[in-house]
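S.K.: Okay, here's the prediction I keep looking at, along with the sequence it came from:
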Amino acid sequence: MGAPDAFCGRCGSRQPMGTVAGTPAGDHLGGITPRTASILCYVPMVGWIAAIVVLSAERFRHLPAVRFHAFQGLYLFVAWLMNDWVLRWALFPLMHLPLRPLVALLLLCMAIFMMVKASHDETYSLPLFGELAQRSVSEN
């Protein structure tokens, strides 16, 4: 059984098959601008999901700036994981030093800084993360 036909919400006329409200079928990211996609890649804790969606979306495949932000956001998330899981056990004997919270704060500040930069359509390259992101974009 096929999907029901879609009708225009304003005039009531039948929409062409495969489109709903002017968005082609399969283009679930039609309403997301490149700027918004870039910003979402840096949202702490969940930006990695947006980054993976951006990197896998055909819509952003030929936009190197957006792909740069997606890769850099992923690398920031990996650094957060390393801080949370690896440093927890590596610094166990030095529990009196507040190194993990300081690294977490630094990573949070980097993410906020990059959300601001992405909102201004700037592709600022963070130390280490930016270089890795540039390499990743150029390899694809």
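M.R.: In hand now; what should we look at? Numbering: from 1, shown residues only.
S.K.: roughly how far apart are the most centrally placed residue in the chain and residue 107?
M.R.: Residue closest to the mean C-alpha point of the chain, counted by C-alpha atoms, centre = their mean, is residue 41 at 2.0 Å. According to C-beta to C-beta, to the nearest Å, residue 41 and residue 107 sit 14 Å apart. In this view, the C-beta of every residue, glycine as well, is placed from N, C-alpha and C.
S.K.: where's the closest residue to the residue nearest to the centre of the chain other than its chain neighbours, which helix or strand?
M.R.: Nearest non-adjacent residue to residue 41, counting by C-beta to C-beta, 6 or more residues apart in numbering: residue 73, 3.3 Å away. Element membership for residue 73 (DSSP states H and E) is helix 64-81.
S.K.: Report the buried residues of that helix.
M.R.: 65-77, 79-80 (16 or more other C-beta atoms under 10 Å).
S.K.: how far out from the middle of the chain is it?
M.R.: When distances are taken as C-alpha atoms, centre = their mean, to the nearest Å, helix 64-81 is centred 7 Å away from the chain's centroid.
S.K.: From the rest of the structure, what touches that helix?
M.R.: Outside helix 64-81, the residues that touch it by C-beta atoms under 8 Å, 6 or more residues apart in numbering are 34, 37-39, 41-42, 44, 47-48, 50-52, 54-55, 60-61, 104, 107, 110-111, 114, 118, 121, 123, 125-126, 128-130, 132-134, 136-137, 140.
S.K.: Which pLDDT value belongs to the residue lying closest to residue 54 once chain neighbours are set aside?
M.R.: If the residues on either side of it in the chain are set aside, residue 54 comes closest to residue 70, at 4.2 Å by C-beta to C-beta, 6+ apart. Residue 70 carries a pLDDT value of 96.
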